[in-house]
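*Asks:* Here is my input; please provide its structure:
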Amino acid sequence: MPRKPRPGRGLEADEDFDPADEQHDGPSRTARKNASLELQKLGEALLDLRAGPFAALPLPELLREAIVEAKRLKSHGAKRRQLQYIGKLMRRLDEGEIAAIAAAVRAQ
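*Replies:* As a prediction, the model looks like this:
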């Protein structure tokens, strides 16, 4: 005995679907991921920054503490997780703060 199609399933539901009607607001997932990785790399570059330029940067206290903690860590896995956390904190910064950090890293 053939099965009855369930309501809302099957070809009837697909007739109204048009992928061109879908609009995505903002950047794609890949673009967001790449931007996050770039911020994580910038945060990693802060680890190599000398004490003078590092102290002069306008960083939030939480980010400053995370960077100091990452410098202290020796374990590869722990340092990797800490760098991911630094990247997360970097995403909270505004563009001006990120630009200042990038300029300080380039200046060194």
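
*Asks:* okay, which residue is most central for this protein?
*Replies:* For the chain, the residue sitting closest to the mean C-alpha position, by CA atoms, centre = their mean, is residue 36 at 2.5 Å.

*Asks:* Which neighbouring elements make contact with the biggest helix by length in the chain?
*Replies:* Using DSSP state H, we find that the single longest helix of the chain is helix 29-46. When contacts are defined as 3 or more CB pairs under 8 Å, 6 or more residues apart in numbering; DSSP states H and E, helix 29-46 packs onto helix 61-72, helix 76-90, helix 95-107. Where you see a C-beta, it was placed from the backbone N, CA and C, and this is true even at glycine.

*Asks:* want to throw the ones you listed into CSV with mean neighbour count, mean pLDDT and distance to residue 47?
*Replies:* What follows is those, written out as CSV (neighbours: other CB atoms under 10 Å; pLDDT from 0 to 100; distance: least, CB to CB, whole Å):
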stretch, mean neighbour count, mean pLDDT, distance to residue 47
helix 61-72, 15, 95, 6
helix 76-90, 16, 95, 8
helix 95-107, 13, 91, 10
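
*Asks:* Export those helices to JSON lines and append columns for distance to residue 54.
*Replies:* Converted to JSON lines, the helices and strands packed on helix 29-46 look like this (distance: least, CB to CB, whole Å):
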{"stretch": "helix 61-72", "distance to residue 54": "8"}
{"stretch": "helix 76-90", "distance to residue 54": "13"}
{"stretch": "helix 95-107", "distance to residue 54": "8"}
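
*Asks:* Looking at those, which is nearest to residue 32?
*Replies:* helix 76-90 (12.1 Å; CB to CB).

*Asks:* The closest one vs helix 61-72, what angle?
*Replies:* In terms of direction (axes from the mean of the first three to the mean of the last three CA atoms, to 10 degrees), helix 76-90 departs from helix 61-72 by 160 degrees.

*Asks:* hmm, who's touching helix 76-90?
*Replies:* With CB atoms under 8 Å, 6 or more residues apart in numbering as the test, helix 76-90 has contacts from 36-37, 39-40, 42-44, 46, 60, 62-63, 66-67, 69-70, 73, 98, 101.
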